[in-house]
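[1] when you get a sec, could you give me coordinates for this:
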Amino acid sequence: MLNGTSIKIFSGQSSSLPNSSVDQLPGTSHPELAEIIARRIGLPLSQAEITRNNIGETNVRIKESVREDDVYIVNTGCGAVNTALMELCIMIHACKIASAKRITAVIPLFPYARQDKKDKSRAPITAKLVANMLQRSGCDHVITMDLHASQIQGFFDVPVDKCLYAEPSVILYIRSNFNLDNVVIVSPDAGGAKRATSMADRLGVDFALFHKERKKANEVSRMVLVGHVAGKTAILVDDMADTCGTLILAATHLADAGASKICAIVTHGILSGNALSAIAESHLEKLIVTNTLPQAANQAACPKVEVIDIGAVLGEVIRRSHYGESVSKLFHEVPY
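    Numbers count the residues shown, from 1 in each chain. Below is the predicted model of the structure:
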């Protein structure tokens, strides 16, 4: 908990809050998470007003002084991603020219993280462009969670705490809700093998993976299971679920291989298009996601969706960042 310090955490909506020397500014993309973070560190959200005119331009007004304050702006890459990103840059710039001492962008889901390399002729590296935009806006520090590609850290010339992983929270959930004697952790592709093996080792359970071939982006043509899942509870783990095609196809293969129960746990539940209806009709018994993105509407539409709260982790890393403490402990433990 923070008391009498020079931190501010901002809200994207106009409200009457007492003055505070700690600024947390949540943008409009995920105000619920910003509230959870603020409660974790024991401070109210600071005051900011975000509006858009008839042609879609974003206007930001910081409604209290941030001079020489440590400012944390909470916005995530969901919904209207371009609007959320532009809003974040404008908020950073507004605080910068208002003489904030340090500005940290808290971005649970980094936008455009999947466009991290030039994979074809004349293709952009959009994640690098986003990094440049944030830095040019005046960002001094970035906090994010489970980056899709670790090399994105190298796109920045400012510190990036991508060290926040959902893994400790996921492991705690698995220990609390599953019988470990009958669990196998499954990676839906070879790229996620490191994540899955790390979790399997920490839980002391078996591991399996799929080799998959794609026809094009978001469309898998063939999957081959490597490992034994017959009679076991198979838990698919991944960093994000968008259209959920890979997870659903993997669940079908696991069912055919004799798995007794099939669940999936992902950090970022994007769940675009007809993902929710596809999940409802799939072999998945549960899809467990974190609240790096708003999930209330998804839970209402699909009873298979469950949510792990990572607000405490983000709140603790803000507290440690402000006081100059190490955050490496959070790689392996869930804060209380």
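
[2] where does the stretch 1-150 of the chain dip in pLDDT?
    Counting by pLDDT under 70, the stretch 1-150 of the chain has low-confidence residues at 1-5, 11-27.

[3] quick one: the helices in it?
    Counting by DSSP state H, counting those that start in this stretch, one finds helices in the stretch 1-150 of the chain at the ranges 31-41, 81-96, 126-137.

[4] so which of the ones you listed gets nearest C263?
    Closest to C263 of the helices of the stretch 1-150 of the chain, according to CB to CB: helix 31-41, at 23.5 Å. To be clear about C-beta, it is placed using only N, CA and C from the backbone, and glycine gets the same treatment.

[5] would you mark the buried spots in that closest one?
    Within helix 31-41, the residues scored as buried using 16 or more other CB atoms under 10 Å are P31, L33, A34, E35, I36, I37, A38, R40, I41.

[6] list the helices and strands that helix packs on?
    Counting by 3 or more CB pairs under 8 Å, 6 or more residues apart in numbering; DSSP states H and E, the packing neighbours recorded for helix 31-41 are strand 7-9, strand 23-26, strand 70-74, helix 311-323.

[7] let me know which of those is the nearest to I171.
    Nearest to I171, of all these, is helix 311-323, at 12.7 Å by CB to CB.

[8] before we move on, back to that, so which of the buried residues of helix 31-41 is the closest to K128?
    Relative to K128, the closest of the buried residues of helix 31-41 is L33; by CB to CB it sits at 26.0 Å.

[9] that closest one: what's it in contact with?
    With CB atoms under 8 Å, 6 or more residues apart in numbering as the criterion, the residues that contact L33 are P26, V74, T76, P108, N291, T292, P294, G311, L314.

[10] kindly report the same for A127.
    F110, Y112, A113, R114, Q115, D116, A149, I152, F155.

[11] please report how far the last one lies from H93.
    Spatial separation of F155 from H93 under the definition CB to CB, to the nearest Å is 19 Å.

[12] repeat for the third one
    Counting by CB to CB, the gap from A113 to H93 is 22 Å.
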